[in-house]
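1. give the three-dimensional model of this entry:
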Amino acid sequence: MAKSKFLKKLDKINYESIIYILGIAIVLIFIINLFFAMSLTSVLKQKIAEAEEAAKPANLELTIITTQCQDCFNINSVIEGIKSENVNVTKEETLDVGDASQLIQDYNIERLPTVIVKGELNKTNLDSTLTAVGDALVFTSQTPPYYDVSLSRVKGLIVATVINASGCGSCTDVAPLLDELKSNGIIIARETTLTEEEAAGLIETYNIQALPSLILSRDASEYQLLVQNWPALGTIEQDGNFVLRDIPPPYKNTTTGAIEGLVTLTNVIDSSCTACYNVDGYKPIIENFGVYLVNETTFDVTTQEGLAYANTNNITLVPTIVLSSDAKKYQRFYDVFRRVSQETKSGDLVFTAVEDIGTYKNIQTGEIIEQQEA
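-> Predicted coordinates for the structure are as follows:
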């Protein structure tokens with residue numbers, strides 16, 4: 001049988017050459033794969049080595065610079081934080097400020113105590129809490145009190161001077177304010193309490209118009225909490241001292257000598273109106289606002305004296321209450337009470353929104369009005 005043209009072409013192909021070429025191609029592919037495999041292995045080994053190196057603790061050297069200041073910032077908390085990281089402290093030394101003058105100069109250190117950290121810093125995250133200075137990291141975020149290197153003294157130790165009013169047992173006590181300052185981390189190094197007479201010079205110097213008062217020494221400016229909030233309490237003087245001026249009543253007016261903020265509560269009732277609401281509920285509400293009530297009296301409009309009092313103060317609806325003018329000294333209370341009261345010629349405040357409380361009586365018409373249900 002004659003071979004087809006296709007089979008005749010296959011007879012002419014040099015299979016040895018093809019096999020040779022394929023062999024070379026296979027060898028080349030193998031070599032290329034081997035190269036990539038070796039490269040990949042090398043990269044993996046490098047990455048593994050880098051990971052192993054990164055996992056090793058960073059070798060660090062710590063130099064702690066301290067001062068003889070018991071109340072100063074506690075640098076131990078910073079040291080403990082550093083050691084809690086993945087580190088190996090190979091060297092640690094503590095120097096007094098007198099022995100560290102060159103280091104203080106080299107690393108531009110302004111506050112003490114501090115710590116200088118050297119070593120494998122690139123293997124740590126300490127730069128988030130410490131400041132890079134040259135070849136080291138330095139702690140620079142001391143809160144007061146701290147030692148100021150340039151002034152060679154401790155800053156942030158406050159001297160507090162309390163000035164009490166004479167003859168005012170009911171006046172506001174500033175001790176709770178000092179306690180609150182201390183609870184917020186403000187260091188009061190020394191407290192002095194003076195009488196009004198003993199503090200006459202200070203009262204004149206700072207033009208203090210209300211007692212008691214409180215003066216904080218200029219080191220109070222080291223505390224941002226005080227700097228930010230003091231304008232709502234008083235003034236910061238030119239000499240740097242902080243003077244308390246916004247005193248909650250009762251307080252003594254140093255100009256007039258009067259005790260301000262002593263409030264009298266007067267109940268105005270009609271004893272013949274048994275259905276009328278009871279005024280006894282007013283007192284605890286008023287006192288909850290911090291109003292200092294010194295006296296409480298009651299007028300009954302069924303009596304001549306009571307009716308005269310009602311007429312004098314333009315009172316037509318009872319029962320109600322009247323607060324003496326000193327109630328206006330209590331700003332938070334007055335902001336609320338002024339909306340439901342009217343002021344008399346003498347400055348007293350008469351509660352007028354009786355229809356919101358309960359059943360009441362119009363003493364001009366004699367009509368008893370029951371509270372309308374909402």
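2. please count neighbours and contacts with C-alpha atoms only from this point.
-> Fine.
3. and the helices in the stretch 101-250 of the chain?
-> 101-106, 175-183, 200-205, 224-229 (DSSP state H, counting those that start in this stretch).
4. JSON lines for those, including mean pLDDT and mean neighbour count?
-> Output for these, formatted as JSON lines (pLDDT from 0 to 100; neighbours: other Cα atoms under 10 Å):
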{"stretch": "helix 101-106", "mean pLDDT": "94", "mean neighbour count": "13"}
{"stretch": "helix 175-183", "mean pLDDT": "94", "mean neighbour count": "12"}
{"stretch": "helix 200-205", "mean pLDDT": "97", "mean neighbour count": "12"}
{"stretch": "helix 224-229", "mean pLDDT": "95", "mean neighbour count": "12"}
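5. rebuild the ones you listed as a markdown table, extending it with distance to Gly169.
-> Converted to a markdown table, the helices of the stretch 101-250 of the chain look like this (distance: least, Cα to Cα, whole Å):
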| stretch | distance to Gly169 |
| --- | --- |
| helix 101-106 | 53 |
| helix 175-183 | 14 |
| helix 200-205 | 19 |
| helix 224-229 | 28 |
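6. the ones you listed: which one's closest to Thr302?
-> helix 175-183 (46.3 Å; Cα to Cα).
7. contact partners of that closest one?
-> Ile188 (Cα atoms under 8 Å, 6 or more residues apart in numbering).
8. same check, this time on stretch 240-258
-> Contacts for stretch 240-258 (Cα under 8 Å, 6+ apart): 165, 168, 170-172, 206, 208-221, 230, 232-237, 259-262, 292, 329-330.
9. could you list the buried residues of that stretch?
-> Buried residues in stretch 240-258, counting neighbours by 16 or more other Cα atoms under 10 Å, are found at 241-245, 247-254.
10. same check on stretch 287-303?
-> Buried residues in stretch 287-303 (16+ other Cα under 10 Å): Val291, Tyr292, Leu293, Phe299, Asp300, Val301.
11. narrow those to those in strands?
-> Using DSSP state E, the subset of the buried residues of stretch 287-303 located in strands is Leu293, Phe299, Asp300.
12. was I right to think the second one contacts Ser271?
-> Read it as Phe299. No - with contacts counted by Cα atoms under 8 Å, Phe299 stays clear of Ser271, the gap being 9.8 Å.
13. list the contacts for the closest residue to Leu244 other than its chain neighbours?
-> Excluding the flanking residues, the one nearest Leu244 by Cα to Cα, 6 or more residues apart in numbering is Gly234, at 4.4 Å. Neighbouring residues of Gly234 by Cα under 8 Å, 6+ apart: Phe242, Val243, Leu244, Arg245, Asp246.
14. try 10 Å this time
-> Applying Cα atoms under 10 Å, 6 or more residues apart in numbering to Gly234 gives the contacts Ser213, Leu214, Ile215, Phe242, Val243, Leu244, Arg245, Asp246, Ile247.
15. quick one on the thing from earlier: now distance to Gly156 too, for the ones in strands among the buried residues of stretch 287-303, in TSV please.
-> As requested, these are exported to TSV (distance: Cα to Cα, whole Å):
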residue	distance to Gly156
Leu293	40
Phe299	57
Asp300	60
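16. of those residues, which is the nearest to Val78?
-> The closest of these to Val78 turns out to be Leu293 (Cα to Cα; 51.9 Å).
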